[in-house]
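Student: what follows is a predicted protein model with its sequence.
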Amino acid sequence: MPSYFTSAPGKVILFGEHAVVYSKVATAGSLGLRSYNLVQERTDGAIEVNFPDVQLVRTWRSSDIPRQARWEGYPYPPSTMNTELVDQLTKFVDLAEHTNRSHAAVALLYLHSYLSTDEIASSGYDFSVRSDLPVGAGLGSSASYSVCLATALLQLNGHLSSSITAGWTVAEQRDLVNQWAFQAEKVIHGNPSGIDNTVSTLGGAVMFKKGEKIKPLPGFQSLRFLLTNTRVPRETQVQVANVRKLHDKFPNIVNPMLDAIHEISVSCEELFSQPGLDRSHLLTRFGELVDVNHGLLTALGVSHPVLEKVREISSRIGLKSKLTGAGGGGCALTLIRDDVSPETVAEVKRLLEAEGFQCMETQVGGHGAGILTLEQPMSIEEFLSHDKAYFEAATHNWTYFE
Ligand SMILES: Nc1ncnc2c1ncn2[C@@H]1O[C@H](COP(=O)(O)OP(=O)(O)O)[C@@H](O)[C@H]1O
Ligand SMILES: C[C@@](O)(CCOP(=O)(O)O)CC(=O)O
Ligand SMILES: [Mg+2]
């Protein structure tokens, strides 16, 4: 019985959230915090999901799950989301009052509908996910979930090694994972830009613009950030829809703001490509761009009093912060310049934690999606009992799409 672990990182958007939905350029990197998944075939035709982070445990008979006729474009996803299937699955899972659980379950069954072979559908499988990422806090938990899901179902159903994809390059396989993860993000978010699933699949730090080739930004690995989770919950779908409303009401005001956000990533790229630029000058300029980007996001209506609190506390100590991700709560990032002492970092953390916020120091970059074949099945209880250190241990021979 095939059993696999899959894993994918969260992300932090440094510049360009929301504007990226309107085809502006954004800058983002993968995080050290990841989601991990166990997928394994069964024999009784059941599909059992365990998602402790959204308190969902369910078992369905595979034969009861609505599926659609095979589509022609194998192995790629259809170019538009099948809203009729999403509606059918939403009714089927019957969790609409719990949006977190409903979105996670429908995204799984949506990919199942397209990717499961008749053989896997009739044998069934267990699909469990646990994450180190806070859910709904702007660090791309939905994308890391979606990338695990796409990797797992492509692998379990043999699509990564089928007669069509045999001989594909790693880059082509990675693109396939990314395209299916984007489908799952669409089910969860409505209208995602694709930046989160792309960073989660590829890893590293990149400049991203919809429909264009990704530009890697290697210099970013040296930057240090403090991430602060305000613990105020919000949904990306709602924040993105609110910006859309503002945009449609005042296009002549909002479009120049989105263009200005685009120019922040362009300026950031210029900063990193200036040969011999003094590091402290670079970090000061980077901090100024952080400030300007937050101001523009506030004008788009996606800040929140708790995010302003993070900015106020960090600026008292001379540090620059901005919201990251969809805003409306969730996380802020604070740039830690090289000249900031460990005592200062400890002080700012103390002040932020005194407000009830949770702080994490991090760097960006690192592995994207990974897969590991297990030699023997693992119980779901055992999988869920393991921590990050277990999954990262060198004895586990992860393969990354790199
Ligand atoms: N560990 C997880 N298990 C199951 N579902 C998850 C998990 N992490 C994220 N999700 C899905 O992603 C949604 C959160 O996505 P979103 O609002 O975009 O926030 P984020 O900024 O964390 O990506 C959840 O409602 C859930 O459907
Ligand atoms: C606001 C947005 O730019 C990023 C959302 O990120 P998150 O789901 O809040 O982690 C939306 C998108 O790019 O799809
Ligand atoms: Mg998300």
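Tutor: The structure has been received and is ready for your questions. Numbering: from 1, shown residues only. Ligands and ions are numbered 1, 2, ... in the order given.
Student: so how far is stretch 327-345 off the chain centroid?
Tutor: Here the centre of stretch 327-345 is set off from its chain's centre by 21 Å, with Cα atoms, centre = their mean, to the nearest Å.
Student: which parts of that stretch are buried?
Tutor: When neighbours are counted by 16 or more other Cβ atoms under 10 Å, the buried residues of stretch 327-345 are found to be 327-337, 340, 345. Yep, even glycine has a C-beta here, placed from its N, CA and C like the rest.
Student: which bits of the chain sit near ligand 1?
Tutor: 35, 51, 53-54, 100, 103-104, 129, 131, 135-142, 145, 188-189, 235-236, 325 (Cβ under 6 Å from any ligand atom).
Student: coming back round to it: same list (the buried residues of stretch 327-345) but as JSON lines, adding pLDDT and secondary structure.
Tutor: Below are the buried residues of stretch 327-345 laid out as JSON lines (pLDDT from 0 to 100; DSSP: H, G, I helix; E, B strand; the rest coil):
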{"residue": "327", "pLDDT": "98", "secondary structure": "coil"}
{"residue": "328", "pLDDT": "98", "secondary structure": "coil"}
{"residue": "329", "pLDDT": "98", "secondary structure": "coil"}
{"residue": "330", "pLDDT": "98", "secondary structure": "coil"}
{"residue": "331", "pLDDT": "98", "secondary structure": "strand"}
{"residue": "332", "pLDDT": "98", "secondary structure": "strand"}
{"residue": "333", "pLDDT": "98", "secondary structure": "strand"}
{"residue": "334", "pLDDT": "98", "secondary structure": "strand"}
{"residue": "335", "pLDDT": "97", "secondary structure": "strand"}
{"residue": "336", "pLDDT": "96", "secondary structure": "strand"}
{"residue": "337", "pLDDT": "95", "secondary structure": "coil"}
{"residue": "340", "pLDDT": "96", "secondary structure": "coil"}
{"residue": "345", "pLDDT": "97", "secondary structure": "helix"}
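Student: can I get those in JSON lines including distance to residue 25?
Tutor: Output for the buried residues of stretch 327-345, formatted as JSON lines (distance: Cβ to Cβ, whole Å):
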{"residue": "327", "distance to residue 25": "19"}
{"residue": "328", "distance to residue 25": "23"}
{"residue": "329", "distance to residue 25": "25"}
{"residue": "330", "distance to residue 25": "22"}
{"residue": "331", "distance to residue 25": "21"}
{"residue": "332", "distance to residue 25": "22"}
{"residue": "333", "distance to residue 25": "18"}
{"residue": "334", "distance to residue 25": "23"}
{"residue": "335", "distance to residue 25": "20"}
{"residue": "336", "distance to residue 25": "25"}
{"residue": "337", "distance to residue 25": "24"}
{"residue": "340", "distance to residue 25": "28"}
{"residue": "345", "distance to residue 25": "30"}
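Student: what is the nearest of those residues to residue 306?
Tutor: residue 329 (6.4 Å; Cβ to Cβ).
Student: gap between that closest one and ligand 3?
Tutor: Shown here: residue 329 relative to ligand 3, a distance of 13 Å by Cβ to the ion, to the nearest Å.
Student: same thing with residue 389?
Tutor: Looking at residue 389 against ligand 3, where the rule is Cβ to the ion, the gap reads 26 Å.
Student: run the chain-centre distance for the host helix or strand of that residue.
Tutor: Using DSSP states H and E, the element containing residue 389 is helix 388-392. Computed by Cα atoms, centre = their mean, the chain-centroid distance of helix 388-392 equals 19 Å.
Student: what's next to it, contact-wise?
Tutor: Contacts of helix 388-392 from elsewhere in the structure, counted by Cβ atoms under 8 Å, 6 or more residues apart in numbering, are 5, 7, 34, 36, 132, 396.
Student: just the pLDDT at the last one, thanks.
Tutor: Looking at residue 396, its pLDDT reads 73.
Student: again with the third one
Tutor: Note for residue 34: predicted pLDDT of 96.
Student: give the contact list for it.
Tutor: Under the criterion of Cβ under 8 Å, 6+ apart, the contact partners of residue 34 comprise 7-10, 131-133, 144, 388, 391.
Student: so how do I select the buried members of the residues you listed in ChimeraX?
Tutor: Buried members of the contacts of residue 34, identified by 16+ other Cβ under 10 Å, are gathered into one ChimeraX selection as follows:
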select :7,8,9,10,131,132,133,144,391
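Student: which of the contacts of residue 34 lies closest to ligand 1?
Tutor: In terms of Cβ to the nearest ligand atom, no member of those lies closer to ligand 1 than residue 131, at 3.6 Å.
Student: in the sheet, who's paired with the closest one?
Tutor: residue 35 (DSSP bridges).
Student: list the contacts for it?
Tutor: Contacts of residue 131 were listed using Cβ under 8 Å, 6+ apart, and they are 33-36, 53, 141, 144-145.
Student: in the stretch 301-402 of the chain, which spans are helices?
Tutor: Assigned by DSSP state H, counting those that start in this stretch, the stretch 301-402 of the chain shows helices spanning 305-316, 342-354, 380-385, 388-392.
Student: just say which of those is most tucked in.
Tutor: Each of those was assessed for mean neighbour count using mean count of other Cβ atoms under 10 Å. The highest is helix 305-316, with a mean of 18.
Student: which other helices and strands contact it?
Tutor: In terms of contact count using 3 or more Cβ pairs under 8 Å, 6 or more residues apart in numbering; DSSP states H and E, helix 305-316 is assigned the packing partners strand 321-323, strand 331-336, helix 342-354.
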